[in-house]
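Asks: This is a predicted model, with the sequence first.
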Amino acid sequence: AQSVTQLGSHVSVSEGALVLLRCNYSSSVPPYLFWYVQYPNQGLQLLLKYTSAATLVKGINGFEAEFKKSETSFHLTKPSAHMSDAAEYFCAVSDGQGAQKLVFGQGTRLTINP
Amino acid sequence: EPEVTQTPSHQVTQMGQEVILRCVPISNHLYFYWYRQILGQKVEFLVSFYNNEISEKSEIFDDQFSVERPDGSNFTLKIRSTKLEDSAMYFCASSAVIYSNQPQHFGDGTRLSIL
């Protein structure tokens, strides 16, 4: 069975600082990995996805993530935080079988301090 | 940009009552999903649906739950006899093709409150 662990339910950074949100996965088959963002009172919006092509994936709003098979990690980063980045971030994995069920991590709430 | 729409945004229901949550997936999508998120917990997969039948369902999706695509645009989740523990945010999602590298697009969710 697949699983995702997001380290840190709450991360707080200053505006302009580096954002690092951690995600580790467990999968018996090559995984497909996703990061979604949820702004208050909104649904889940896709930030980026890893689909076994380049290991460094660039997404929307300046975010990127690097797939590291040896570490079973898919951490999300952004060089310089902006106030508008404050949201909940979810890492998810799919195994490519059947109708691509997503397994989500617990989520990380990102707070940006002025 | 096309989006998944869900109605209502908030539903309050007495325990034991039936509730229907509605979703309009993106028009050219073929695969449909329901997920739920109990307050403070993970987003959990409930069911996937393709070609007018369930493709996969989780342990959560018991006999009290059902899904239907009654026409060419709507996708519904019915809970037959609601329990207090059904209180959660319910998300509908859709995707264009079966391959897992194609992302699912989510709606804004329906907050279901069982009294």
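Replies: On my side now, so go ahead.
Asks: what's B:A96 in contact with, if anything?
Replies: Listed by CB atoms under 8 Å, 6 or more residues apart in numbering or on different chains, the contact partners of B:A96 are B:I26, B:N28, B:H29, B:L30, B:Y31, B:Q102. The C-beta positions use only the backbone N, C-alpha and C, and glycine is treated the same way.
Asks: A:Q100 versus that one, what's the distance?
Replies: Noted for B:A96: a distance of 11 Å to A:Q100, by CB to CB, to the nearest Å.
Asks: same check, this time on B:F91
Replies: Applying CB to CB to B:F91 and A:Q100 gives a distance of 15 Å.
Asks: if you count what's nearby, which of the two comes out ahead?
Replies: Taking other CB atoms under 10 Å in any protein chain shown, B:F91 and A:Q100 do not tie; B:F91 has more neighbours (26 against 23).
Asks: out of everything not next to it in sequence, what's closest to the residue positioned nearest the centre of chain B?
Replies: The C-alpha lying nearest the average C-alpha coordinate of chain B belongs to B:W34 (CA atoms, centre = their mean; 3.0 Å). Distance criterion CB to CB, 6 or more residues apart in numbering or on different chains; nearest residue to B:W34, sequence neighbours excluded, is B:L46 at 4.3 Å.
Asks: so how far is A:Q38 from that neighbour?
Replies: 18 Å.
Asks: Equivalent analysis for A:A53, please.
Replies: When distance is defined by CB to CB, A:A53 is 26 Å away from A:Q38.
Asks: Briefly note if the helix or strand where A:Y89 lies comes near chain B.
Replies: Assigned by DSSP states H and E, A:Y89 belongs to strand A:87-94. Yes - using CB under 8 Å from any CB of the partner chain, strand A:87-94 reaches chain B at A:F90, A:A92, A:S94.
Asks: Going by distance to chain B, which of the residues you listed wins?
Replies: Nearest to chain B among those, counting by CB to the nearest CB, is A:S94 at 4.3 Å.
Asks: Direction included, what does whichever strand or helix holds the residue nearest to the centre of chain B pair up with?
Replies: Element membership of B:W34 [criterion: DSSP H and E] is strand B:31-37. Taking DSSP bridges as the criterion, strand B:31-37 sits next to strand B:43-50 (antiparallel), strand B:88-95 (antiparallel) in its sheet.
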